[in-house]
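Q: One predicted model, sequence on top.
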Amino acid sequence: MIFLKATPAAVKKAAASIRKGGTVVFPTETVYGLGADALNPLAVARIFEIKKRPEFDPLIVHVASIRQAKALAFVTPKAEALMKKFWPGPLTLVLPKKKKVPDLVTAGLDTVALRMPADPVALALIKRARTPVAAPSANRFGRLSPTTAAHAKKQLKNGPDVILDGGKTRIGVESAVLLLKGRRASLLRHGGLTLEEIEKATGPLAAGPDGGKKPRSPGRLAGHYSPSAKLVLLGKRKFRFKKGLRYGYLAFTKKPALKIKCAAVLSPSGSLQEAAAGLFSHLHRLDEAGVDVILAEPVPQRGLGRAIMDRLKRAAGKPLK
Ligand code: AMP
Ligand code: MG
């Protein structure tokens, strides 16, 4: 494994590795991804192995142009309008797939998830590799997502061939996932592009990700995004401390009056952008402090707050509402 600062020369090296069937950790504006040539099933298999990800969980394929997306999926005029409006950016579109996409990438589904990332390092890497890049988040399956190269290295150890360090990611939560099938559009995952922004373009969506009983997108399981410590999402009910356990606290705008040693504040000014950007970093830090339990305050369920609450609820292992 080589760990490189994401200079143009390093991106060139990483792209060469992808062309040869290697795996590369790279920054996107959402979280770090673990990428491989999406058209090479052996390379894609390495992603599942390194992440210990079950094969029923499909990957997002990253492209550098709408033309590249059209080679992989059937793109309706409505889908193309969304690409033109929101790409590059934190919106993943799930579309009927073309034969060319290996089954391992889509977990055997007849749809494929596509996104054009906005981070210049990610775009340069995909362009240089001259192939679409399948990339889930660069963490061990079910664990906290990485928003720095160091987070990815810590979890994946020497698994990837190259790690590109491009600093802290800007948005900090994963992309929104929108299914476009037939005439229907439905949101499968809240993410970096907010529901409000999406609905401004699409009109009201049929159902949100928390509408049904079952997770309708594979891999959207309760117990995802988990720190090593137990996470408790604070609610209306009073919380009781147990003796002998070490507690950490994740506050939204200000530290709690309680005497807790490890407390983190997501955003003193109450900005949901700032809260999203720091969410995983704070959770990584609380974990590293060795606490047994992390108490997390809820954030307002609007804008990026929906994605933050989705991650916190899943980290707490709560079933979907
Ligand atoms: P990750 O890249 O780790 O953030 O995970 C990608 C997520 O995208 C998966 O866990 C699914 O929830 C979703 N996804 C990818 N492909 C599809 C698909 N074909 N249909 C529905 N959801 C998908
Ligand atoms: Mg993930």
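A: Arrived safely. Ligands and ions are numbered 1, 2, ... in the order given.
Q: quick one: low-confidence ranges for the chain?
A: By pLDDT under 70, the low-scoring segments of the chain are 207-208, 210-219, 318-321.
Q: interface residues of it facing ligand 1?
A: Counting by C-beta under 6 Å from any ligand atom, the chain comes close to ligand 1 at 57-60, 94, 106, 109, 111-113, 136-137, 174, 177, 188-189, 217-220. For glycine as for every other residue, the C-beta is placed from the backbone atoms N, C-alpha and C.
Q: ok, 8 Å please
A: Within the chain, the positions near ligand 1 by C-beta under 8 Å from any ligand atom are 31, 33, 53, 57-60, 92, 94, 97, 106-107, 109, 111-113, 135-137, 145, 174-175, 177, 179, 188-189, 215-220.
Q: Surely G89 and D119 touch.
A: No: with contact defined as C-beta atoms under 8 Å, G89 does not reach D119; the gap is 10.2 Å.
Q: and for these two, which residues touch both?
A: When contacts are counted by C-beta atoms under 8 Å, 6 or more residues apart in numbering, G89 and D119 are jointly contacted by E29.
Q: re earlier: mind checking which of the residues of the chain next to ligand 1 are in helices?
A: Applying DSSP state H to the residues of the chain next to ligand 1, the entries found in helices are T106.
Q: Can you check my assumption that A276 lies in a strand?
A: No: checked against DSSP: H, G, I helix; E, B strand; the rest coil, A276 lies outside a strand; its state is helix.
Q: surely it meets E174?
A: No: with contact defined as C-beta under 8 Å, A276 does not count as touching E174 (10.1 Å).
Q: ranges for the helices of the chain?
A: Here the chain has its helices, by DSSP H, at 8-19, 41-51, 66-70, 77-86, 103-106, 120-129, 149-156, 195-202, 272-288, 305-315.
Q: what's the offset of the second one from the middle of its chain?
A: Offset of helix 41-51 from its chain centre (C-alpha atoms, centre = their mean, to the nearest Å): 17 Å.
Q: Of all residues in this protein, which one is nearest the centre?
A: With distances taken as C-alpha atoms, centre = their mean, the residue of the chain nearest its centroid is E174 (3.0 Å).
Q: mind checking how far the residue of the chain positioned farthest from its centre is from ligand 1?
A: What lies farthest from the middle of the chain is K243; by C-alpha atoms, centre = their mean that is 35.3 Å. Between K243 and ligand 1 the computed distance is 38 Å (C-beta to the nearest ligand atom, to the nearest Å).
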